[in-house]
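Participant: from the sequence below, what's the structure:
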Amino acid sequence: MRLDWIVRAVPGAVRTSGFGGDWKTSYGDMAIAVNGSSGSGTYTYSGGLLYGSVNGPVFSGTWAQSAGSGRNCATEFQGNKAWGGFVFTLNPDGRSFSGTWTYCLETIVSGTWDGTRP
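Facilitator: Okay, here's the model as predicted:
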């Protein structure tokens with residue numbers, strides 16, 4: 001599956017909407033770009049990528065990384081064998097979010113993923 005709509009996330013970008021901009025997270029520095037209801041981003045842990053959609057205070061979708069997750073999926077996503085789902089919920093202050101992540105197509109939460117504005 002290829003996503004042709006990928007929005008380039010630029011570190012240091014001006015925050016344009018709820019999730020857009022820079023974050024310090026459980027998995028390193030993160031930069032998110034939002035275009036309408038589509039969002040994409042990068043994070044420093046294992047060259048991570050995010051692809052998803054924004055619906056109000058919720059950004060959800062798929063994470064993917066080149067290596068280092070400790071586990072590979074049976075199929076690839078965006079050329080990566082390490083991937084899964086994520087759900088981030090923006091806190092009312094807009095300066096932090098709380099989230100969870102899963103591996104591959106599993107529905108069981110594998111861990112938490114939280115972030116704050118730098």
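
Participant: so for this protein, the centremost residue is which one?
Facilitator: L50 (3.7 Å; Cα atoms, centre = their mean).

Participant: low pLDDT regions in this protein?
Facilitator: The chain contains residues with pLDDT under 70 at 1-17, 67-69.

Participant: kindly recompute the last result at 50.
Facilitator: The chain contains residues with pLDDT under 50 at 1-16.

Participant: pretty sure the residue nearest to the centre of the chain is in contact with G41, am I right?
Facilitator: Yes - counting by Cβ atoms under 8 Å, G41 is a contact partner of L50 at 4.1 Å. No exception for glycine: its C-beta is placed from N, CA and C like everyone else's.

Participant: find residues that contact each of these two.
Facilitator: Both L50 and G41 are in contact with M30, I32, where contact means Cβ atoms under 8 Å, 6 or more residues apart in numbering.

Participant: now the residue of the chain most remote from its centre: closest residue in space, sequence neighbours ignored.
Facilitator: Within the chain, A74 marks the point farthest from the mean C-alpha position, 20.8 Å out by Cα atoms, centre = their mean. Closest residue to A74 apart from its sequence neighbours, by Cβ to Cβ, 6 or more residues apart in numbering: C104 at 7.2 Å.
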